Every structure is written in C-alpha cells, then in structure tokens.
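> Coordinates for the following, if possible.
(chains A, B, C and D)
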Protein chains: 2
Amino acid sequence: MATKTAAVPVVDPIACCAPVRSPRFNDEQAEVIAATFAALADPVRLRLLAHVASAGDEEVCACDLGAVVDRSQPTISHHMKILYEAGLITREKRGLWVWYRIVPERLEALRVVLG
Amino acid sequence: MATKTAAVPVVDPIACCAPVRSPRFNDEQAEVIAATFAALADPVRLRLLAHVASAGDEEVCACDLGAVVDRSQPTISHHMKILYEAGLITREKRGLWVWYRIVPERLEALRVVLG
DNA sequence: GAACTACATCGACAGGCGTCGAAGTAGTCA
DNA sequence: TGACTACTTCGACGCCTGTCGATGTAGTTC
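Coordinates of the predicted model:
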C-alpha cells in the first residue's frame, strides 16, 4: 500500500486510490478509474472539457458549446452528460440555459492516480 | 529486427500540449490525447499497467501477467499491445519471454494535460 | 393559453471494442 | 530435425459507443 496517502477528502472514489505505480488497486477502484478515463477518451469531449476548464471558477453556458465543436445539439448534450456523470463537471439549469463548471478536484484525483 | 522499438516518438505529441485548462488544443492533439486516455479506459489494462508500473525501472515478464488479471492469454496479449502502442510501456523479447517496462514520461505527460 | 427557446431523450445505424478458441510464429533444447 | 514453449494473430461473437433527425420537456414571453 501507499505510505503517502493523499490528504484529500475521501469522498471521491478515485482520490482514495493508490497511484498506478503502487502494486495494484482492487477491481472496484479499477472500474471507477477506467470509467473516468473513458470519459476523457474522446476528442470531442476533451475539447468540450477544455473549454469548460479554461473558464476556471467561472461557469460556461451550454449555448456556447456549439461553437467549440462541430457536432449536432443532441450529440453535444450526450457528451456533456458523460462528462457530468464522470464527475468532471457540474451542471446547473437556470431559466432556459444550462451552466457548466469544472470540478478541479476530479482532475487532481486523476493526476494522483497517474503519478 | 524490431527489438526495443519504442512506440514513443522522439517528440512526445502529448508532452507539448497545453493543459486542459488552457483555452483549447487543436484537433490533432485532441485525437492523440484521447487515444492515450482510451488505452487507460479499461479496468483490465489499468491493472496490467499498474503491475508494470509498480516495478519501477525493473522489467516485468509477460509470463507473470496471467496471475494479475483473470483473462485468457490472447486477451492479455491484446491489452499489452494496446498499452504498448499508446506509448505507455516498452516491449522487448529475449528468448522465449517478453519483458515490459513502464514509460514514466508518458504518464507525466498525461498528468500535465490534466493539470 | 399560445408561441417560442434551450436542452434532453429516443430510435436507429455504423463502426469499434473486449473476449475467447484456434491457428500461426519464433525461439529453445535435445 | 523434431518436439516443446511463449507469445501473437486470426476469426467470430455480442456488446458498447458516437452520431444524427425526430420528438419530448421545461422554462420564457407575449
């Protein structure tokens, strides 16, 4: 086991995992981590996520995403849902618009897994 | 002939990419990064990679991988090929055995993308 | 309420992926 | 040379994924 356990809120199912260099993680953890990497394993989603992440603390309106990637509205909605369910972004509907925000802790948790 | 041929290009196509928080990366970079994350998007491959990574600088014999994951030998070979082609591990055949080694620079490049 | 807007869901399609048994290939050893 | 070993490739199967047009739903404005 890793002696250098991260002092991160243990709520995150990834954050509590040992890095990939440690002997192994269990099946459950591998499933969760793999699912999160799967959310990043599409170039369209990567660009959408980069757009949201580049706003930092600020929110990003879903209405702007059509200018980021050349895909139909249902397809973009589909991708944002995958990013949301992976815990990489938050989603809030206000009026007619939906606003997204990056979850930096989730990215950091992945960085820990990789290192 | 191709003994120690690394799938890692001289100039790592990921290492030169801006992090996900920067405004955006181009389509080409997004494709390469997404393909690398795709290699990590399977729990079996994650466990195989973790096993190789846990050896640090040392090599890991392919003959040991059957004890790491409960899959057939062709399936394990298939997964190792994907990790190799993603540049995450090197492969060297010596005699009857194949030896794998982690490519830490590749993991580090991904960490930079996430940060 | 009616018309409109922004986004989500549905249904369908093509292509990709994980898996295995069978067959192929390359190296070892007697 | 021939038997053996370790791994790769092939062929097939079912499942999953990205994509879009059509449709559904929630909120706004008049």
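> from here on, contacts and neighbour counts on C-alpha atoms
OK.
> OK, contacts around the most centrally placed residue in chain A?
What sits nearest the mean C-alpha location of chain A, by Cα atoms, centre = their mean, is A:Leu88, with 2.2 Å. For A:Leu88, the contact set (Cα atoms under 8 Å, 6 or more residues apart in numbering or on different chains) comprises A:Ile102, A:Val103, A:Pro104, A:Arg106, A:Leu107.
> Save those as TSV, and put in neighbour count and secondary structure too.
Formatted as TSV, the contacts of A:Leu88 follow (neighbours: other Cα atoms under 10 Å in any protein chain shown; DSSP: H, G, I helix; E, B strand; the rest coil):
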residue	neighbour count	secondary structure
A:Ile102	27	strand
A:Val103	17	coil
A:Pro104	17	helix
A:Arg106	20	helix
A:Leu107	23	helix
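> So which of these would count as near DNA strand C as well?
Residues of the contacts of A:Leu88 in contact with DNA strand C (Cα under 7 Å from any atom of the strand): none.
> those strands in chain A, which residues are they?
Using DSSP state E, the strands of chain A run over residues A:60-61, A:89-94, A:97-102.
> Can you say which of the ones you listed is nearest to chain B?
Among those, strand A:97-102 comes nearest to chain B, with 9.3 Å by Cα to the nearest Cα.
> got the residues of chain A near DNA strand C?
Applying Cα under 7 Å from any atom of the strand, one finds that chain A approaches DNA strand C through A:61-63, A:73-78, A:80-81, A:96-99.
> From these, list just the buried residues.
The neighbour-count test (16 or more other Cα atoms under 10 Å in any protein chain shown) marks A:Cys61, A:Ala62, A:Ile76, A:Met80, A:Lys81, A:Trp99 as buried among the residues of chain A next to DNA strand C.
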